[in-house]
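J.: Here's a sequence, model it:
(chains A, B, C and D)
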Number of protein chains: 2
Amino acid sequence: MSGADDAGRRWSIGELARAAGTTVRALHHYDEIGLLVASERTAAGHRRYTTRDLRRLYRVRALRGLGLPLEEVAAVLAGTADDPESLRDLLAEQLRRLDEHAERIGVLRQRIGDLLRQADDPYGPDPDRLMTTLEVVSVFETYFTEEQRGRLAERRDALGPEGVEDARREWAGLVEEGLRHLAGGTPADDPRARDLVRRWDALAGRFHPEGPAGAETAAAARRMWRDNSAEIGGTLPWPAERMAGLVAYLEEARRAG
Amino acid sequence: MSGADDAGRRWSIGELARAAGTTVRALHHYDEIGLLVASERTAAGHRRYTTRDLRRLYRVRALRGLGLPLEEVAAVLAGTADDPESLRDLLAEQLRRLDEHAERIGVLRQRIGDLLRQADDPYGPDPDRLMTTLEVVSVFETYFTEEQRGRLAERRDALGPEGVEDARREWAGLVEEGLRHLAGGTPADDPRARDLVRRWDALAGRFHPEGPAGAETAAAARRMWRDNSAEIGGTLPWPAERMAGLVAYLEEARRAG
DNA sequence: CCTTGAACCTCACGTCGGGGGAGGTCGTAG
DNA sequence: CTACGACCTCCCCCGACGTGAGGTTCAAGG
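T.: Residues are numbered from 1 along each chain as shown, chains lettered A, B, ... in the order given. This is a model prediction of the structure:
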């Protein structure tokens, strides 16, 4: 047999690390958490690993390489006997987690891509504007649930770019009208103010979904405007503080109406 | 104006957390690392945040939401003035990182998918076999670089399934022949042993790429066999210790030849 | 004015998978 | 005998907070 009797072979920690393509520190860690404890120790306390330890280490490395946390690696290596399906289930579960992860990354890539296109747009490469866009995104995510944002996006797509543009123009007219009333001292309970609110809310209604879901998004939108008119107003062609005043005025008129 | 003068408004830490959809603890953390320090404190030490703080928080949350680490968020918020391109560059960099990440995830999904198909294969659903496959994968990754594994996969694809099957059958014959020599006591420097080694290496040569790259993968394969014949042998129809003996015998004959 | 409960404060440890270093011991080769 | 490499244990470090413990302050009701 020319001395190839592997059954009695022993590895030092450094040899084992090289044999499995890992580090001494990692093996110390596996020892600490009980995942791979050296079968023997020399009189001086040096770890001696056996062939069985090496095989276990290969399994640990392979499972880790699939992205499983060490705790689950330990569970697999401990529990294959009492449940032969556990490995399969754990792999399936890991596949699911990876899918989730991949989807989150996809969303982030999409968003960053959109932002970069906006940054590269020659008509609006202003970094301040980009920052304000970031703020508005954050505000939206705070006030609307993911589901609500999805519904709002659906409605916007249904209106189409020209529908959105029309609404934007009409809305600009309403803002100008409101600012004139505000500057002119028209009281909030004046019929003209109440009529303005009615047209304002009707216009906003185009963007909200139908039924009770629409009432919820509308309420969330009003909360958003009330708390953050300065931030949202930063993206608009009117001074933020005048917009804040207008929002308060409209709320008053809405209560009065 | 009905009291909507936001410029003087102050938020407590809890109000700010709710306004931005985050937690009090996160705000404490941002304070600790200097990313978002409350502009004021009450006499009792309670944090008071201003409108400017709120806007900064929105930016922090938005950038964090894109996956940027807090250190880079701080850099963006500090450096937009002296380098308006920095935000764009950082976003591009982040996009690159996400792409890398997505690719790693794709590789893992592929591997786990392969393993699950093997697990569901009615001809080999043995969990022990699956574990051994895992070991072999790990051994391969330890001894061959990613590039080398790619070259080996190319050669295998070039041989095609039937070419691989042919080689497997021929190899089985060589193994049986070697085991007979070993059992019969044929010395390693016997011409029959040297001829066996020659045919063995020629057969293995079909799987290695051409030129010096092939010599390297062949050397790595011999190292792998020498160190790990027990692990690889576990997947084969011969006893692992007899395979280990055979590998040692062939090495001796190779040196003799 | 007193009490109560919510909100706030600081301090500090835990997470996950190790990296890196300090300070000391062990083994072997020249 | 001495040098050097490999090994030992103990300990702090990373990121972005979560989760208490133990104490103070605020706002409202009686």
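J.: Nearest residue to A:R206 in space, please, no chain neighbours.
T.: A:A167 (6.0 Å; C-beta to C-beta, 6 or more residues apart in numbering or on different chains). Yep, even glycine has a C-beta here, placed from its N, CA and C like the rest.
J.: Check A:V24 too.
T.: A:A17 (5.0 Å).
J.: residues touching the one you found, list them.
T.: A:T23, A:V24, A:A26, A:L27 (C-beta atoms under 8 Å, 6 or more residues apart in numbering or on different chains).
J.: Weed out the non-buried ones from these.
T.: A:A26, A:L27 (16 or more other C-beta atoms under 10 Å in any protein chain shown).
J.: Keep only those of the contacts of A:A17 that are also close to DNA strand C.
T.: A:T23, A:A26 (C-beta under 7 Å from any atom of the strand).
J.: Among the contacts of A:A17, which one sits closest to A:L179?
T.: A:A26 (66.0 Å; C-beta to C-beta).
J.: still on that earlier bit, list the contacts of the residue nearest to A:R206.
T.: For A:A167, the contact set (C-beta under 8 Å, 6+ apart) comprises A:L159, A:L203, A:R206, A:F207.
J.: does the first one count as helix, strand or coil?
T.: In this case it means A:L159. helix (DSSP: H, G, I helix; E, B strand; the rest coil).
J.: Would you map the helices across chain A?
T.: A:13-20, A:24-32, A:51-65, A:70-79, A:86-120, A:127-143, A:146-184, A:191-205, A:212-233, A:240-256 (DSSP state H).
J.: Check which helices and strands the second one is in contact with.
T.: Secondary structure elements in contact with helix A:24-32, counted by 3 or more C-beta pairs under 8 Å, 6 or more residues apart in numbering or on different chains; DSSP states H and E, are helix A:13-20, helix A:51-65.
J.: For the contacts of A:A167, which single residue is the most surrounded?
T.: A:F207 (19 neighbours; other C-beta atoms under 10 Å in any protein chain shown).
J.: does it really touch A:A153, like I thought?
T.: No. In this structure, A:F207 is not within contact of A:A153 by C-beta atoms under 8 Å, at 10.1 Å.
J.: ok so, going back, distance to DNA strand D added to the helices of chain A, as JSON lines?
T.: Formatted as JSON lines, the helices of chain A follow (distance: least, C-beta to the nearest atom of the strand, whole Å):
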{"stretch": "helix A:13-20", "distance to DNA strand D": "2"}
{"stretch": "helix A:24-32", "distance to DNA strand D": "6"}
{"stretch": "helix A:51-65", "distance to DNA strand D": "12"}
{"stretch": "helix A:70-79", "distance to DNA strand D": "14"}
{"stretch": "helix A:86-120", "distance to DNA strand D": "14"}
{"stretch": "helix A:127-143", "distance to DNA strand D": "13"}
{"stretch": "helix A:146-184", "distance to DNA strand D": "18"}
{"stretch": "helix A:191-205", "distance to DNA strand D": "29"}
{"stretch": "helix A:212-233", "distance to DNA strand D": "19"}
{"stretch": "helix A:240-256", "distance to DNA strand D": "21"}
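J.: and the residue nearest in space to the middle of chain A, how far is that from B:E177?
T.: Geometric centre of chain A, nearest residue: A:R104, 6.5 Å, by C-alpha atoms, centre = their mean. From A:R104 across to B:E177, the span is 56 Å (C-beta to C-beta, to the nearest Å).
J.: what's the answer for A:D89, then?
T.: From A:D89 across to B:E177, the span is 44 Å (C-beta to C-beta).
J.: same thing with A:T42?
T.: 42 Å.
J.: higher neighbour count, those two?
T.: B:E177 (16 against 11).
J.: Ignoring the adjacent residues along the chain, who's closest to that one?
T.: B:E177 sits nearest to B:L196 (C-beta to C-beta, 6+ apart), 6.1 Å away.
J.: Low-confidence regions, chain A specifically.
T.: A:1-7, A:80-84, A:122-128, A:228-235 (pLDDT under 70).
J.: Would you mind listing what in it touches DNA strand C?
T.: Applying C-beta under 7 Å from any atom of the strand, we find that chain A lies next to DNA strand C at A:23, A:25-26, A:29, A:42-46, A:64, A:69-71.
J.: Can you turn the buried subset of the residues you listed into a selection I can paste into ChimeraX?
T.: Here is the ChimeraX command that selects the buried residues among the residues of chain A next to DNA strand C (16+ other C-beta under 10 Å):
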select /A:26,64
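J.: With respect to B:V139, which of the residues of chain A next to DNA strand C is nearest?
T.: When the residues of chain A next to DNA strand C are compared for distance to B:V139 (C-beta to C-beta), A:R64 wins out at 14.5 Å.
J.: Leaving out chain neighbours, which residue sits closest to the closest one?
T.: Going by C-beta to C-beta, 6+ apart, A:R64 has A:V73 as its nearest residue, at 6.0 Å.
J.: Likewise for A:E135?
T.: B:Y58 (4.1 Å).
J.: Whatever residue of the stretch 51-200 of chain A ends up closest to DNA strand C and DNA strand D, how far apart?
T.: Closest to DNA strand C within the stretch 51-200 of chain A is A:P69: 3.1 Å, counting by C-beta to the nearest atom of the strand. Separation of A:P69 from DNA strand D (C-beta to the nearest atom of the strand, to the nearest Å): 12 Å.
J.: Pop out the phi and psi values for that residue.
T.: phi -70, psi 160 (degrees, to the nearest 10).
J.: what does A:G21 give?
T.: The phi/psi pair for A:G21 (degrees, to the nearest 10) is phi 70, psi 40.
J.: Make sure A:L87 is actually in contact with B:A119.
T.: Yes. Look at A:L87 against B:A119 with C-beta under 8 Å: they come within range, at 7.5 Å.
J.: give me every residue that touches A:L250.
T.: By C-beta under 8 Å, 6+ apart, the neighbours of A:L250 are A:G178, A:A193, A:L196, A:V197, A:W200.
J.: Against A:G34, how distant is the nearest residue to A:A193 once chain neighbours are set aside?
T.: In space, A:A193 comes closest to A:A253 once its chain neighbours are excluded; the distance is 4.1 Å by C-beta to C-beta, 6+ apart. Per C-beta to C-beta, A:A253 is found 69 Å from A:G34.
J.: Settle it for me: which of these two has more neighbours?
T.: A:A253 (25 against 8).
J.: Contacts for stretch A:32-42 next, please.
T.: A:10, A:13, A:27, A:30-31, A:47-50, A:52-53, A:56-57, A:60, A:70, A:73-74, A:77.
J.: All set now, cheers.
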